[in-house]
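# Quick one, what's the 3D model for this:
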Amino acid sequence: MRARLSRCLLVALPLLFAATLAHAEDLPKVYLYTENYGTFNYTLDGGNYAHFRDDIGGSATEIVKMMFAEAGIEYRLRLRTWSVSYERALERPNYGVYSTARTELREDLFNWIGPVGQYNWILMAKPGHTLNIQSIEDIRDLRIGGYEGDAATSFLQNEGFNVSTLPNESLNAQRLHQDLIDVWITSDINGYKLAEEAGYEVEEAFRLRTLELYLAMNKETDPRVLTQLQQAYDNLIASGDIQFD
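Below you'll find the predicted structure:
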C-alpha cells in the first residue's frame, strides 16, 4: 500500500505542479505603487522615483516582495509620489499601493492584505514650544500643517479641523520654524527623518493614535489574486518569515 501510494504521488505531483503553474500564469499581472516613507519603503539610490522593484527597499517592501514570491504572482513595482500612487490604486483594477494606513475613511475603498508595518500619528512642534495639548480638541484653534492625501491629514480634515496642506511634506518643518503653522500632523516614522534632512529640529507635542499599515488593493482586483496573496501572507506569518517586534 505504501509503495502504491508513493507511485501515485510520483505521478500526481508533476500534474499538481503543472496545474498550479498554469493557474499562476492565468492570473493577471499586478501593478504596485509606493512612495518614499521612512524605513518602510524608499529608493535605494536616495532619489524621488524608481521604475523597477530591485531599486526599491524598506521593511514593508521586503514583506510585499516575499508575499508575491510566495504567491507566484507576476507584478511590477514603481515608486512615485503618494498622490499618484494612491490614485492609481484607487482607480485601476489589479493595482495596489503600500504602505497604506488602514483607516475608517479608507476601509471600504480597498481590499487589504497585511499588516506590513505599524506607526503613530503625531503632532510636531518647534523645540521649546509652550503648547499644552492633552486631547485632539486642544488643537482646534491652532494652525495645522499637513501633507496632501495623507491619512492623518485627511482624518483631521474629516473631523472639521482646518489643515493647510502641501504636496511636499518636508516643507512643514520649515513652516514650523517660520511660524507659519503651530503644529505639523505627521508620523513618527517620517516626521523626524524629514525634519532632519531639511535641517530643522522638531519635537513631539502630542501622539494622536497608532495604526497598522497594509498593502491596499483596488476593489476590482481579480479575487484569485487577493486569495493567493492573503494565503501567501498567512503562510509567511505561520512560518516565521514575517515577524513584528
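# what secondary structure does the most centrally placed residue in the chain sit in?
Centroid-nearest residue in the chain: residue 99, 0.5 Å away (criterion: Cα atoms, centre = their mean). Assigned state for residue 99: strand (three-state reduction, DSSP: H, G, I helix; E, B strand; the rest coil).
# How about the contacts made by the spatially closest residue to it that is not a sequence neighbour?
Spatially, and ignoring its direct neighbours in sequence, residue 99 is nearest to residue 213 (3.8 Å; Cβ to Cβ, 6 or more residues apart in numbering). To be clear about C-beta, it is placed using only N, CA and C from the backbone, and glycine gets the same treatment. Going by Cβ atoms under 8 Å, 6 or more residues apart in numbering, residue 213 touches 40, 60, 98-102, 114-119.
# closest to residue 73 among those residues?
Nearest to residue 73 among these, counting by Cβ to Cβ, is residue 98 at 14.8 Å.
# Wait, a strand at residue 69?
No. Applying three-state DSSP, one finds residue 69 to be helix, outside a strand.
# Neighbours of it, how many?
12 (other Cβ atoms under 10 Å).
# So for stretch 183-203, what gets flagged as buried?
By 16 or more other Cβ atoms under 10 Å, the buried positions in stretch 183-203 come out as 183-195, 198, 200, 202.
# So the residue nearest to residue 99 versus residue 113, what's the distance?
Note on residue 213: its distance to residue 113, by Cβ to Cβ, to the nearest Å, is 11 Å.
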